[in-house]
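> Okay, sequence plus prediction incoming.
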Amino acid sequence: MPAILQLTLNRRPPIPAITLASVLETPTLKLDDVATHAPGPQGQLPITPEMLLNAPSGNLFGLSQNAGMGWEPQKLIGSEVLILSTHGGLRAPDGTPIALGFHTGHWELGALVAEAAITLKSLNAIPFAGACTDPCDGRTQGTTGMLDSLPYRNDAAIVLRRLMRSLPTRMGVIGIATCDKGLPAMMMALASAGPLPTILIPGGVTLLPESGEDAGKVQTIGARYAQKQITLETAAEMGCRACATPGGGCQFLGTAATAQVIAEALGLALPHTALAPSGAPIWLDAARRSAGAIMRLHALHLGTHDILTQASLENAMVAHAAFGGSTNLLLHLPAIAYHAGLKRPVAADWAQINRTVPRLVDALPNGPRNFATVQVFLAGGLPEVMLHLRRAGLLNTKVKTVSGESLDTCLDWWESSPRRHALRKNLMTRDGIDPDDVIMDPDRARSSGLTPTVCFPHGNLAPEGSVVKSTSIDPSVIGPDNIFHHVGPARVFVSEEAAIHAIKNGEIQQNDVLVLVCGGPAGAGMEEIYQITSALKWLPSGKHVALLTDARFSGVSTGACIGHISPEALAGGAIGKLLDGDQIEIIIDREKLTGSVNLVGDAREHFGPEEGAIRLSARRSRADLRPHPALPDDTRLWAALVQASGGVWGGCVYDVDAIISRLQPPWAQINV
């Protein structure tokens, strides 16, 4: 029998008895072997009189510390490169765990750091390494850990920027990150570097299990067990197998994988580095090539501001549409733009691009065949998609990339490269998959039923907007006119816990509209509610249930799920005025990418959207609205700051000028 995941406390192995004496003192410790002096490094620092007269004392002391850490003194004058990562956990030399990380996505990143550092050293550069690890949205689903998830991104970006500035002698920065919050935070930090060269190495993806479920589906074992769809043993076995390799982001095109694609589309990562299989030689090779690229950028005097431009930002949005990426990038890409000093895209910009750009990639969870991210990589990844986009005239190919060359040059290389032809052949040979079924040309994509990605419904329940991943709505509930039309009674919940309890206990019925409020920034740190969306997916009638929320979704979510509803309930939003039994109408036109979400009736009568708006304006917010009882003060502060900075649709950033202008008294803003 395969190893079974230990699911309950009474099946955990007993903790060995630990005595007080063993905690206070180890008898075998040699207490007479504690020295006060050591020989120290031998040799001389390569300093000059000019350095002693003019260099800051910090630079000189830095050389002393570098020698103390074992670097050869005669090689201390060289180009210093900072390698920042989100590495977590601790591995023994043979790879076995000593201490676990929060997730597989950062578990193997130390190997990329080492490979890049070794390459830099061979190029006579001096590598430094630092880390700011990251949490896992999968691990925190349905827990109070989710209250810190999105706010963490801002905190990590601050820490990473502070680390970058705290090595003032660095000539470039390499960022290495993989997953949902660490990777956007790393890109936000790198984006602020201006003239300093930076490059990002995506941490790649984990492989599919040879027998089992992917990491998205396995997160539904609780809901499926509650609905008696699987046994305890099946749940335990599938849970043990899902993460088939110890490193990499999830196998689906969720937030982690989408963010990797966006990094490459921005030009911040080398071509064909997003979605590489973690731990494989081709994955390590990206670190070696990126180390060489940072040195080349320095030699060419190309800084981050030469790579991140308004044109490259638009290319990233085009790539997002072509892949059918996670809606969480609607939060992250504007934040990256803000830190690069660029205009932040708004909902109208996203809508226009999604109306223009065809979806070309068939990947989990969008379908129709649901290929894994590593299979998308073998089919050619982003460069293959960009070949189609270039032919269609949808890209600005004159933009610079961290290769030091234009996107045009990179795509010319990719089109005729042995790497491209070998990997695509490998996919056919190994998995029997035609790479052109994974990444399609526009005509083939259209004939296969691939539709554009996201739609931004408005209406009397979402006057400032909302978002739905229209590609993920079950095709069987879409009309022949490619329109999703749903009218049903509201079932309102003010906590995720209450909503998931109702789902697991069969209290949500076909045609219901599940409304989850108090999940926005002020309520729960804009929590991600994949626990809810995944549970609905596996209900027998789940495809006939719609979901409205002021929270956000995982990139692997599917169904008629409308999130980011603004204003949020705790800001007086109309969604916080809904009552059980209210009739809600949802219309999503997947062809025109337009939509609406409206109150059109109550328990007694039906009326139109205009009358619904009037009635909502006359209602008070529900009396039971409240922030999550465990909402940390750190997250409350984050929510207040991002609200002053443009809110959800501004990318949940800290707009320092906007915040300061609100904090200063009127007299302090008068020019003296």
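On my side now, so go ahead.
> Every contact and neighbour count from this point should use C-alpha atoms.
OK.
> C-terminal to the top helix by length along the chain, which secondary structure element comes first?
As assigned by DSSP state H, the longest helix anywhere in the chain is helix 281-300. Following helix 281-300 in sequence order, the next helix or strand is helix 304-307 (DSSP states H and E).
> Mind listing residues that contact that following helix?
190-198, 266-268, 340, 399-402 (C-alpha atoms under 8 Å, 6 or more residues apart in numbering).
> which other helices and strands contact the host helix or strand of A321?
In this assignment (DSSP H and E), A321 forms part of helix 310-323. Packing contacts for helix 310-323, counted by 3 or more C-alpha pairs under 8 Å, 6 or more residues apart in numbering; DSSP states H and E, involve helix 255-265, helix 347-356, helix 381-391.
> mean pLDDT lowest for which of these?
With a mean of 92, helix 347-356 has the lowest mean pLDDT of these.
> tilt between it and helix 310-323?
Taking axes from the mean of the first three to the mean of the last three C-alpha atoms, to 10 degrees, helix 347-356 and helix 310-323 form an angle of 50 degrees between their directions.
> ok so, going back, mind checking which of the contacts of helix 304-307 land in strands?
The members of the contacts of helix 304-307 that map onto strands under DSSP state E are T198.
> that older thread, so which bits of the longest helix of the chain are buried?
Judged by neighbour count using 16 or more other C-alpha atoms under 10 Å, the buried positions of helix 281-300 are 283-284, 286-298.
> Could I get the average pLDDT for the helix holding A321?
The model assigns helix 310-323 a mean pLDDT of 98.
> same deal with stretch 568-586?
In this model, stretch 568-586 has a mean pLDDT of 97.
> next one: stretch 289-297
On average, stretch 289-297 scores 97.
> tell me how far that stretch is from the chain's mean position?
In terms of C-alpha atoms, centre = their mean, to the nearest Å, the centre of stretch 289-297 is set 25 Å apart from its chain centre.
> And stretch 137-157, by the same measure?
Relative to the chain's own centre, stretch 137-157 is displaced by 11 Å; criterion: C-alpha atoms, centre = their mean.
> I figured L616 was touching A574, is that so?
Yes: with contact defined as C-alpha atoms under 8 Å, L616 counts as touching A574 (6.4 Å).
> Looking at these two, which is more packed in?
Neighbours of L616 and A574, each counted by other C-alpha atoms under 10 Å, are more numerous for A574; the result is 27 against 20.
> Skip the chain neighbours and tell me the closest residue to the more buried one.
Sequence neighbours aside, L461 is the residue nearest to A574 in space, at 5.2 Å (criterion: C-alpha to C-alpha, 6 or more residues apart in numbering).
> Is it correct that the one you found is in contact with I575?
Yes: with contact defined as C-alpha under 8 Å, L461 and I575 form a contacting pair (5.5 Å).
> which of the buried residues of helix 281-300 lies closest to S621?
Of all the buried residues of helix 281-300, W283 has the smallest distance to S621: 51.9 Å, by C-alpha to C-alpha.
> Tell me which residues touch that closest one, please.
Contact analysis of W283 by C-alpha under 8 Å, 6+ apart lists 204, 273, 276-277.
> With V113 instead?
83, 85, 129, 176, 287.
> okay, among those, which ones form the most distant pair?
A129 and A287 (13.6 Å).
> So for stretch 152-168, mean pLDDT?
In this model, stretch 152-168 has an average pLDDT of 97.
> brain fart, stretch 395-407
The average pLDDT for stretch 395-407 rounds to 98.
> can you check stretch 459-469 too?
Mean per-residue pLDDT for stretch 459-469: 94.
> Next, the distance between the ends of that stretch.
One end of stretch 459-469 to the other measures 17 Å (C-alpha to C-alpha, to the nearest Å).
> Repeat that for stretch 564-573.
12 Å.
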